[in-house]
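**Q** Okay, predicted coordinates and the sequence, questions at the end:
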Amino acid sequence: MFYLISETMIMHHHKLPYLFSTCAEHSFLLASAGLVLRKEKWIQVKRESKALLDLTRKAITRLIYLKKTLQQMEDGLSPCKAQMEKWERNLELMDAKQRQYTQQLANFKELLNRVGYTPEIRHGALVEMAEEKGELEEETAPIFETLRSYKDLPPDKGLAILAIGNKEKEYAAAEQYLEDLLQSLTATE
């Protein structure tokens, strides 16, 4: 005789003796019910175990991926670190240059203010002024040459006449010397 045992019967197993007449049947049913409960628990534990195993495998795969990623980042860190150090040195150098250039700019502005620079003075104006200066130098060059010859003259008129007389005597002496030299050369030929 085989009876189908339901969950309700297992939950209310204390009422089972009334359903069955013999103690052997009752023990058999209780044992069968215990086995069914154990099997259902085993299936549930197996299902949970399988889910935990899947989660563990996924976690291990993720851990391996993260370790590889970390290793790649650490491998790539040393060239990046060297590049960062280079950039930091360049930044310090640029900062020093910037301070130097700022100081030079302030010095040049001060110099321009001292010499009377105004914003109206531009490159074009400076070129025009340079051209005018060149023209004036060309016009005044002969006058300066004439004035240089009078540079050695004394400032007093009497002294100037005396200096001119001395120069005329030197000139006459030089002419006489040249004539004597020419006559001696022509006589020897």
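**A** That came through fine. Residues are numbered from 1 along each chain as shown.
**Q** Output the below-cut-off pLDDT ranges for this structure.
**A** The chain contains residues with pLDDT under 70 at 1-22, 150, 152-154, 188-189.
**Q** where's the longest helix along it relative to the chain centroid, distance-wise?
**A** If you go by DSSP state H, the chain has its longest helix at helix 23-115. On the basis of CA atoms, centre = their mean, to the nearest Å, helix 23-115 sits 29 Å off its chain's mean C-alpha point.
**Q** repeat for stretch 178-189
**A** Distance, centroid of stretch 178-189 to centroid of chain: 85 Å (CA atoms, centre = their mean).
**Q** got the CA coordinates for that stretch in CSV?
**A** C-alpha atoms of stretch 178-189 as CSV (Å, rounded to 0.1, in the frame of the first residue of the first chain):
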residue,chain,number,x,y,z
LEU,A,178,109.4,119.2,-52.8
GLU,A,179,110.9,121.5,-55.5
ASP,A,180,114.5,120.8,-54.2
LEU,A,181,113.7,117.1,-54.2
LEU,A,182,112.4,117.2,-57.7
GLN,A,183,115.4,119.2,-59.0
SER,A,184,117.8,116.7,-57.4
LEU,A,185,115.9,113.9,-59.0
THR,A,186,116.0,115.5,-62.4
ALA,A,187,119.7,116.3,-62.1
THR,A,188,120.6,112.7,-61.3
GLU,A,189,118.8,111.3,-64.3
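**Q** Quick check: next helix or strand after whichever strand or helix holds residue 144?
**A** Secondary structure assignment for residue 144, by DSSP states H and E: helix 123-149. Counting by DSSP H and E, the next helix or strand C-terminal to helix 123-149 is helix 157-188.
**Q** For that next one, enumerate the helices and strands it packs against.
**A** Judged by 3 or more CB pairs under 8 Å, 6 or more residues apart in numbering; DSSP states H and E, helix 157-188 has no packing partners among the helices and strands. C-beta: built from backbone N, CA, C; applies to glycine.
**Q** Show me which positions of it end up buried.
**A** By neighbour count on 16 or more other CB atoms under 10 Å, the buried set for helix 157-188 is empty.
**Q** again with stretch 136-150
**A** By 16+ other CB under 10 Å, stretch 136-150 has no buried positions at all.
**Q** Stretch 29-39 too?
**A** 29-30, 33.
**Q** can I get the residues you listed in CSV with distance to residue 93?
**A** Below are the buried residues of stretch 29-39 laid out as CSV (distance: CB to CB, whole Å):
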residue, distance to residue 93
29, 93
30, 90
33, 87
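**Q** just how off-centre is the helix holding residue 144 within its chain?
**A** 49 Å.
**Q** One more: stretch 104-124?
**A** Taking CA atoms, centre = their mean, one finds stretch 104-124 lying 31 Å from the centre of the chain it belongs to.
**Q** Now it - C-alpha only, CSV.
**A** Coordinates of each C-alpha in stretch 104-124 appear next as CSV, following Å, rounded to 0.1, in the frame of the first residue of the first chain:
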residue,chain,number,x,y,z
GLN,A,104,62.7,92.4,-17.2
LEU,A,105,59.4,93.8,-18.5
ALA,A,106,59.1,96.0,-15.4
ASN,A,107,62.7,97.2,-15.9
PHE,A,108,62.1,97.9,-19.6
LYS,A,109,58.9,99.9,-18.8
GLU,A,110,60.8,101.9,-16.2
LEU,A,111,63.5,102.6,-18.8
LEU,A,112,61.0,103.6,-21.4
ASN,A,113,59.4,106.0,-18.9
ARG,A,114,62.8,107.5,-18.0
VAL,A,115,63.7,108.2,-21.7
GLY,A,116,60.3,109.7,-22.4
TYR,A,117,58.6,106.9,-24.4
THR,A,118,55.0,107.6,-25.2
PRO,A,119,52.5,105.3,-26.8
GLU,A,120,52.5,107.5,-29.9
ILE,A,121,56.0,106.4,-30.7
ARG,A,122,55.5,103.4,-32.9
HIS,A,123,57.7,101.5,-35.3
GLY,A,124,56.6,103.5,-38.3
